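Undergrad: when you get a sec, could you give me coordinates for this:
(chains A, B and C)
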Amino acid sequence: MTKADFFEQVYQVVRLIPFGRVTSYGAIASYLGSASSARMVGWAMNNAHHQEPKVPAHRVLNRFGALSGQAHFGPGVMQKLLEEEGIMVIDNQVQHFEKHFWDPRKELEL
DNA sequence: GTGGTGACGACAC
DNA sequence: GGTGTCGCCACCA
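TA: Next up, the predicted model:
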C-alpha cells in the first residue's frame, strides 16, 4: 500500500460513479479508510487531470454538493457536464444532491 | 529543512 | 446553533 495507490484508488472510485450520479470527497476518503483525508482526495483530483483515462472529476463535489473545483476544470465546464447528465446545477450548487449522491461505501459495499 | 497552503470535513468551544 | 480550530497528507516556495 503506497501513497500512489491511494490516489489510484480515488481515480478508480471516481470512474465507477454511474452516469447521472455524484459523490463527495469525504465519501471517497471514508471509503478508502481515511475519512479525515478529504483534502487528499481533492489533491488527487488535481492530479487526475493528467491521468489516463480522464477521470470524471466533475462528478466529485464537496460535502454540500457545491462545484468547489469548477475553476480547475474550466469556467462553466463542470456545471455543463453535470447538466448533460440530468443533474440540475444552480449557482455552482447541485440541486437534489442527496438524490444524485452516490456513496461508494454503500454502493460498493465496503 | 521548514513553513504555508489546498478541488475538505469533523469536532470543539 | 454559529464560529473557530485542528486534522490529514502531499506539494510548492
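
Undergrad: hey, let's count contacts and neighbours off CA atoms from now on
TA: Fine.

Undergrad: can you list the residues of chain A near DNA strand B?
TA: A:24-26, A:35-40, A:42-49, A:57-58, A:61-64, A:68-70, A:72-73 (CA under 7 Å from any atom of the strand).

Undergrad: just the ones of those residues in helices?
TA: Counting by DSSP state H, the residues of chain A next to DNA strand B place A:25-26, A:38-40, A:42-48, A:70, A:72-73 in helices.

Undergrad: follow-up on the earlier one: would you mind checking the residues of chain A next to DNA strand B for buried ones?
TA: For the residues of chain A next to DNA strand B, a neighbour count by 16 or more other CA atoms under 10 Å gives the buried set as A:24-26, A:38, A:40, A:42, A:44-45, A:48, A:57-58, A:61-62, A:68-70, A:73.

Undergrad: avg pLDDT for stretch A:49-57?
TA: Mean per-residue pLDDT for stretch A:49-57: 91.

Undergrad: what's in contact with it?
TA: Contacts with stretch A:49-57, where a contact means CA atoms under 8 Å, 6 or more residues apart in numbering, come from A:11, A:14, A:15, A:45, A:48.

Undergrad: between those residues, which sits nearest residue A:31?
TA: The closest of those to residue A:31 turns out to be residue A:14 (CA to CA; 11.6 Å).
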